[in-house]
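J.: Test case, fold it:
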Amino acid sequence: MKLKVYDSPCVVDGSKVLLSANIGKKIDLKKMEEHLKESEIKELKISRLLGVLKGKHGEKSVMIFNSGKIQVRKANDEKDAMKTIDVISEALKKMGD
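T.: This is a model prediction of the structure:
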């Protein structure tokens, strides 16, 4: 899976990082939710209206959009955010995407 990754200061807390990634294809949020239930990402909620799956990975907020965009907010740095991206990547691999 090829990711395009961008980071910027977090809007909520300027000492943290917001990392945005895009996998370049649509994500089935219901399947993603099922696969993430077995992971370290908790408090999963889907908004079908907005096309987003939200969750928490430790103190970080995670948003996975059905468009293929992924955001990790409140990460300490890019390396910290990438740990969350790795968890999501594993779920995507299990989905066969």
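J.: Where does pLDDT dip in the protein?
T.: Along the chain, the parts satisfying pLDDT under 70 run over 1-6, 97.
J.: Let me see the ranges of the helices in it.
T.: 29-36, 78-95 (DSSP state H).
J.: For Asn22, find the nearest of these.
T.: Closest to Asn22 of the helices of the chain, according to Cβ to Cβ: helix 78-95, at 11.1 Å. Heads up, the C-betas are built off the backbone N, CA and C, glycines and all.
J.: Just the CA atoms of that closest one, as CSV, please.
T.: Taking C-alpha atoms only, helix 78-95 is exported to CSV below (Å, rounded to 0.1, in the frame of the first residue of the first chain):
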residue,chain,number,x,y,z
GLU,A,78,5.6,12.3,12.9
LYS,A,79,7.1,9.1,14.2
ASP,A,80,4.4,8.8,16.9
ALA,A,81,1.7,9.4,14.3
MET,A,82,3.2,6.8,12.0
LYS,A,83,2.7,4.2,14.7
THR,A,84,-1.0,4.8,14.4
ILE,A,85,-0.8,4.7,10.6
ASP,A,86,0.9,1.3,10.9
VAL,A,87,-2.0,-0.1,13.0
ILE,A,88,-4.5,1.2,10.3
SER,A,89,-2.2,-0.3,7.5
GLU,A,90,-2.4,-3.7,9.2
ALA,A,91,-6.2,-3.6,9.2
LEU,A,92,-6.2,-2.6,5.6
LYS,A,93,-4.0,-5.6,4.7
LYS,A,94,-6.4,-7.9,6.6
MET,A,95,-9.3,-6.4,4.6
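J.: Show me what counts as buried in that helix.
T.: Asp80, Ala81, Met82, Thr84, Ile85, Val87, Ile88, Ser89, Ala91, Leu92 (16 or more other Cβ atoms under 10 Å).
J.: Just send those residues back as CSV, with distance to Asn66 too.
T.: Shown next, in CSV, are the buried residues of helix 78-95 (distance: Cβ to Cβ, whole Å):
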residue, distance to Asn66
Asp80, 25
Ala81, 21
Met82, 22
Thr84, 18
Ile85, 17
Val87, 19
Ile88, 14
Ser89, 17
Ala91, 14
Leu92, 13
